[in-house]
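Q: got a structure for you, letters missing:
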């Protein structure tokens, strides 16, 4: 009898994945946030939407712990600096802001204007996700989640082994 390959059993649906206590917080209601939350739930995340105009207006310790990945889905919002400052005060595992590397990062001057320390600012990832040439909200969400999975597993992402 051959030994059971756990990874193969998982891939074929013959074994349950590890019980997760991971949380994915999408900040700001957007089309990408909707896909992040949908696909994130399928990947075992507890998903939460935070939006200053929505039902969960702020990030706090009831939502964010050391197993939480925070993804800011709109870098044009005037609340960007305050939201990131608040996220940096919490024990989030990972914090990132969506945005093209071809454009200046608006979170940098926003955080500096609020007096956030450069070491904390450096904790904010941008750009985020794997570079797969994504353009549509579902593609951007998949790219982002793939990058989070790679980071969580200590992998570089892409096709590098």
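A: On my side now, so go ahead. Not measured: the values here are computed from a predicted model.
Q: quick one, phi/psi of the residue nearest in space to the middle of the chain?
A: Against the mean C-alpha coordinate of the chain, by CA atoms, centre = their mean, the closest residue is residue 71 at 3.7 Å. Residue 71 has phi and psi values of phi -120, psi 120 when expressed as degrees, to the nearest 10.
Q: for it, what are its contacts?
A: Remark: with contacts taken as CB atoms under 8 Å, 6 or more residues apart in numbering, residue 71 is in contact with 24-27, 33, 36, 96-98, 128, 144, 148. Placement of C-beta: from N, CA and C, glycine included.
Q: Helices - which of the residues you listed land there?
A: 33, 36, 144, 148 (DSSP state H).
Q: Which one of those is nearest to residue 122?
A: Proximity of these to residue 122 (CB to CB) peaks at residue 148, which lies at 18.4 Å.
Q: Number of residues surrounding the residue nearest to the closest one when sequence neighbours are not counted?
A: With sequence-adjacent residues excluded and distances taken as CB to CB, 6 or more residues apart in numbering, residue 148 is closest to residue 69, at 5.2 Å. Neighbour count of residue 69, defined by other CB atoms under 10 Å: 27.
Q: go on, the one 3 residues further on?
A: Residue 72 has 28 neighbouring residues, counting by other CB under 10 Å.
Q: Quick check: beta-bridge partners of it?
A: Per DSSP bridges, the residues bridged to residue 72 are residue 27, residue 97.
Q: Next, the contact list for it, please.
A: 27-28, 80, 83-84, 87, 95-98, 107.
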